[in-house]
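Q: here is a sequence together with a model predicted from it:
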Amino acid sequence: MEKNATSVDVSEEEVRSLAQSILTRYGIDFTCYEPKSLRRRIVRLLNLYNFDSIHGLWVRLLKDSSFIHVFMNEVSVGMTSMFRDPIFWKHLKHRLKDDFKNHESLSIWHAGCSTGEEVYSMAILLGEIGLRHKTKALATDINKQAMEEAKNGRYHKIKMIENEANFKQYNIYSDFTKYYVTEGAEATMVDELKNYATYEFHNLITDPVKSTYDLILCRNVMIYFDNPAKVKLLDKFYDALNPGGLFVIGFYDTMLSWINYTKFELVDEEAKIFRKR
Ligand SMILES: C[S@@+](CC[C@H](N)C(=O)[O-])C[C@H]1O[C@@H](n2cnc3c(N)ncnc32)[C@H](O)[C@@H]1O
């Protein structure tokens, strides 16, 4: 008999052992995700797919290798919006103008880009300060479905209301509606913004970084990782930055104490912008 999904109970120990099994079976590492938040996401998945126990989920993962992608999409949390934290975007705009206006080219990595709202915000900002045409941008995530949405640049009108409200706080002098066209209930970002970035699957925990960047954004991603994983990832970002390159984390990434200040200088405390020393 099928159990009432909301009654599924999962302990952190079970979550840890599931993560360990997934690592052994698929080489995908969830063992360093913050246990409470991983547990919440797994319970959500159990309910969504009507599993009556975490064991049922494990058997499915064992027998059906395509289900690992469903697992990855469900476990990764993609909450985002354009010009999320408008103050950050205002500060970043000034910083980029100051640091990069005389550069011939600019390379940017959006690490953990989700459905692309951060990427489109950056494309708009760079256009405003005349830097977009010299920028090469890469956007990565482990959630392939989210990245498809990002590539399509198509958002529901309801989401655009939130995006526009953020944009207005960021730049009251400009008109946000020039950046998209609406059709029915959907808004599609204009082509010049869609062409700003390329998208690639990349797991921040396990995959190597192949290039170097002038700016790396990793906002509201590390919040899901445990502390040793954060420290390792910060070293990865340090190595991936060009000299003088900037690195930013999200407003809710409470990790200032994990930053190595001999490697990074905090150049803007409010916006959490760091510079490679
Ligand atoms: C809350 S969204 C952040 C989106 C955007 N950076 C922002 O702040 O608006 C977090 C994203 O991190 C991604 N993520 C989680 N674990 C990851 C990993 N190991 N490697 C790459 N991306 C990951 C999730 O799939 C999700 O899309």
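A: In hand now; what should we look at?
Q: residues contacting F30?
A: Applying C-beta atoms under 8 Å, 6 or more residues apart in numbering, we find F30 in contact with 19, 22-23, 38, 75. To be clear about C-beta, it is placed using only N, CA and C from the backbone, and glycine gets the same treatment.
Q: any idea which of these is closest to the ligand?
A: V75 (7.9 Å; C-beta to the nearest ligand atom).
Q: mind listing the strands for the stretch 101-250 of the chain?
A: All strands of the stretch 101-250 of the chain, identified by DSSP state E, counting those that start in this stretch, fall at 106-111, 135-141, 154-156, 180-183, 186-189, 197-201, 213-218, 241-249.
Q: re earlier: any quick ChimeraX command for the buried ones out of the contacts of F30?
A: Buried residues among the contacts of F30 (16 or more other C-beta atoms under 10 Å), as a ChimeraX selection:
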select :19,22,38,75
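Q: show residues contacting the strand or helix carrying L45.
A: Using DSSP states H and E, L45 maps to helix 35-48. With C-beta under 8 Å, 6+ apart as the test, helix 35-48 has contacts from 5-6, 8, 10-12, 15-16, 18-19, 30, 51, 53-54, 56-57, 70-71, 74-75, 77, 223-224, 226.
Q: near the ligand too, which of those?
A: Filtering the contacts of helix 35-48 for neighbours of the ligand using C-beta under 6 Å from any ligand atom leaves 77, 224.
Q: ok, now how distant is the residue of the stretch 1-150 of the chain found nearest the ligand from F201?
A: Scanning the stretch 1-150 of the chain for the residue nearest the ligand gives S76, at 2.7 Å (criterion: C-beta to the nearest ligand atom). S76 is 12 Å from F201, where distance means C-beta to C-beta, to the nearest Å.
Q: neighbour count winner among these two?
A: Neighbours were tallied for S76 and for F201 using other C-beta atoms under 10 Å; the higher tally belongs to S76 (19 against 12).
Q: ok, the more buried one - contacts?
A: Per C-beta under 8 Å, 6+ apart, neighbours of S76: 141-143, 146, 224.
Q: so which of those residues sit within helices?
A: A146 (DSSP state H).
Q: of the contacts of S76, buried ones?
A: Taking 16+ other C-beta under 10 Å as the criterion, what is buried in those is 141-143, 146, 224.
Q: list the buried ones in stretch 78-91?
A: Buried residues in stretch 78-91 (16+ other C-beta under 10 Å): 78, 80-86, 88-91.
Q: how long is stretch 255-266 end to end?
A: The first residue of stretch 255-266 is 13 Å away from its last residue (C-alpha to C-alpha, to the nearest Å).
Q: and that stretch, what's its mean pLDDT?
A: Here stretch 255-266 scores 88 as its mean pLDDT.
Q: what stretches of the chain score poorly on pLDDT?
A: Filtered on pLDDT under 70, the chain yields the residue ranges 1-7, 254.
Q: show me where it has helices.
A: Counting by DSSP H, the helices of the chain are 12-26, 35-48, 54-63, 67-75, 86-100, 117-128, 144-152, 157-170, 191-194, 227-240.
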